[in-house]
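**Student:** What follows is a predicted protein model with its sequence.
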Amino acid sequence: MAAPFLQATSVSKIYPGTQFSGIKQIDLTINPGRITAIIGESGSGKSTLLQLLYGLLSPDSGEVTFRGTRIWGPDEKLIPGHDAMKMVTQNTNDLNNFAKVWDNVATMLPHTNLKAKEEKTNHILAQLKMTHLADKQVVKLSGGEKQRVAIARALITNPEVLLLDEPFNQVDTSFREGLQQDIREIVKETGLTVIIVSHDPAEVLSMADELLVLKEGEIIESGEPKAMYHTPGNLYTAQLLTNCNVITHHEAKICGIKSKTDHVVIYPEWVETVKTWGRRNWEIKQILFKGNYEDLLLEHNGLTLRVLNDKFGKYKEGNKLNLRIHRWLEF
């Protein structure tokens with residue numbers, strides 16, 4: 001039986017201090033050729049876990065293995081980080097700002113075969129749709145373009161695992177989706193394994209094959225993104241994955257929901273606004289323009305719900321209407 005590709009077994013790394021920081025008793029297996037996203041609120045231990053998987057940190061206890069062999073930490077390895085992996089962070093300080101993009105990427109390859117070096121550099125620039133930037137100095141690039149250069153430098157050495165720590169923080173929205181799609185295509189073409197840490201789960205929902213939810217240093221839930229979005233196992237995950245309405249058992253009664261739990265979660269898209277001739281209990285207190293939809297903030301008996309509306313101009317602030325809630329979750 002083949003050894004697991006990348007595995008953490010009972011791994012803990014606790015930082016000193018009165019407030020807990022780090023990870024504790026983590027067990028996980030990363031499968032090859034897939035994109036795994038680690039999500040969680042700030043301070044949940046995401047970056048710590050990523051650095052342990054790469055070998056930038058040594059665990060206090062437990063073990064991280066790659067293809068059955070223990071990954072050495074910085075105390076044991078002169079240059080920290082596993083040789084079969086590359087990590088890209090939101091920091092692009094290691095780029096040569098006054099060199100061209102092509103040279104920044106090509107410099108990662110040896111000079112032993114100049115023709116192969118040229119072909120490979122051109123290929124990776126084409127994969128990441130950067131051919132038009134090849135002769136441009138890095139200092140003249142946008143934050144998103146610099147991030148692409150950093151990823152190209154990591155990929156050109158053919159790592160088996162690419163680790164991305166908040167890689168899209170400096171990337172404009174217009175570039176973000178394209179970069180995510182390019183990474184997905186590279187995974188599909190090459191079998192690359194990607195592990196990505198993000199504080200914004202919305203940006204990885206369409207990118208990841210699997211989500212790992214981290215809370216206070218522990219994995220509390222994992223699964224396929226679409227399934228976890230629609231049926232999260234706990235309140236924490238639901239609040240991470242969407243800007244949902246979280247109401248109490250008492251407030252649920254105002255919505256006509258009979259709940260047996262302490263909390264009820266209603267996604268904004270699960271609520272339908274209805275103009276009827278009958279009783280109109282909900283008043284639109286505010287309309288927030290969100291681009292291709294509006295957020296309607298509706299109030300009734302002291303309770304405010306956020307509802308999505310894509311029919312611009314249908315409602316005005318002060319309008320009263322009814323709501324139909326088609327689905328909710330109970331926690």
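**Tutor:** Here it is on my side, so go on.

**Student:** use CA for all of it now, contacts and neighbours both
**Tutor:** Fine.

**Student:** Show me the shaky parts of the protein.
**Tutor:** In the predicted model, the chain carries pLDDT under 70 at residues 277-278.

**Student:** show me the contacts for Ile71.
**Tutor:** Ile71 is in contact with Leu53, Tyr54, Gly55, Glu63, Val64, Thr65, His82, counting by C-alpha atoms under 8 Å, 6 or more residues apart in numbering.

**Student:** again, only using 10 Å
**Tutor:** Residues in contact with Ile71 (C-alpha atoms under 10 Å, 6 or more residues apart in numbering) are 6-8, 52-56, 58, 63-65, 77, 81-83.

**Student:** and what of Gln90?
**Tutor:** By C-alpha under 10 Å, 6+ apart, the contact set of Gln90 is 143-144, 146-147, 150, 164-171.

**Student:** For His230, the count of nearby residues, please.
**Tutor:** Neighbours of His230 under the rule other C-alpha atoms under 10 Å: 12.

**Student:** Find the nearest non-adjacent residue to Lys120, please.
**Tutor:** Of all residues not flanking Lys120 in the chain, Ile156 sits nearest, at 7.2 Å (C-alpha to C-alpha, 6 or more residues apart in numbering).

**Student:** residues contacting the one you found?
**Tutor:** So Ile156 contacts Val105, Ala106, Thr107, Met108, Leu109, Lys117, Lys120, Thr121, His123, Ile124, Leu125 (C-alpha under 10 Å, 6+ apart).

**Student:** With adjacent residues omitted, what lies nearest to the last one?
**Tutor:** Among residues not flanking Leu125 along the chain, Thr131 sits closest, at 5.3 Å (C-alpha to C-alpha, 6+ apart).

**Student:** thinking again about what came up before, strands - which of the contacts of Gln90 land there?
**Tutor:** Leu164, Asp165 (DSSP state E).

**Student:** Between the contacts of Gln90, which sits nearest Thr237?
**Tutor:** For those, the residue nearest Thr237 by C-alpha to C-alpha is Glu166; the value is 18.8 Å.

**Student:** Show me the beta-bridge partners of the closest residue in space to that closest one that isn't next to it in sequence.
**Tutor:** Distances taken as C-alpha to C-alpha, 6+ apart put Ser198 closest to Glu166, at 5.0 Å, once the chain neighbours are dropped. Counting by DSSP bridges, Ser198 is bridged to Ile39.

**Student:** Go ahead and confirm Ser198 touches Leu241.
**Tutor:** No - in this structure, Ser198 is not within contact of Leu241 by C-alpha atoms under 10 Å, at 11.6 Å.

**Student:** Name the residues contacting each of the two.
**Tutor:** With C-alpha under 10 Å, 6+ apart as the test, Ser198 and Leu241 both reach Ile39, Gly40, Val204.

**Student:** Please identify which of those is nearest to Ser222.
**Tutor:** Looking at these and their distance to Ser222, the nearest is Ile39, at 10.0 Å (C-alpha to C-alpha).

**Student:** The closest one touches Ser198, doesn't it?
**Tutor:** Yes - between Ile39 and Ser198 a contact is recorded at 5.5 Å, counting by C-alpha under 10 Å.

**Student:** For the contacts of Ile156, which single residue is the most surrounded?
**Tutor:** Most crowded among the contacts of Ile156, counting by other C-alpha under 10 Å, is Val105 at 27 neighbours.

**Student:** which non-adjacent residue is nearest that residue?
**Tutor:** Counting by C-alpha to C-alpha, 6+ apart, the nearest residue to Val105 once its immediate chain neighbours are dropped is Arg153, at 4.9 Å.

**Student:** Then Asp60?
**Tutor:** Excluding the flanking residues, the one nearest Asp60 by C-alpha to C-alpha, 6+ apart is Lys13, at 5.1 Å.

**Student:** same thing with Glu317?
**Tutor:** Counting by C-alpha to C-alpha, 6+ apart, Ile284 is the residue found nearest to Glu317 once chain neighbours are left out, at 5.1 Å.

**Student:** Packing partners of the helix or strand containing that neighbour?
**Tutor:** Using DSSP states H and E, Ile284 falls within strand 282-289. Applying 3 or more C-alpha pairs under 10 Å, 6 or more residues apart in numbering; DSSP states H and E, one finds that strand 282-289 contacts strand 294-300, strand 303-309, strand 320-325.

**Student:** Looking at these, which is nearest to Val213?
**Tutor:** Ranking these by proximity to Val213 (C-alpha to C-alpha) places strand 303-309 first, at 24.8 Å.

**Student:** From the opening residue of stretch 196-207 to its closing one, how far?
**Tutor:** Stretch 196-207 has its terminal residues 10 Å apart, counting by C-alpha to C-alpha, to the nearest Å.
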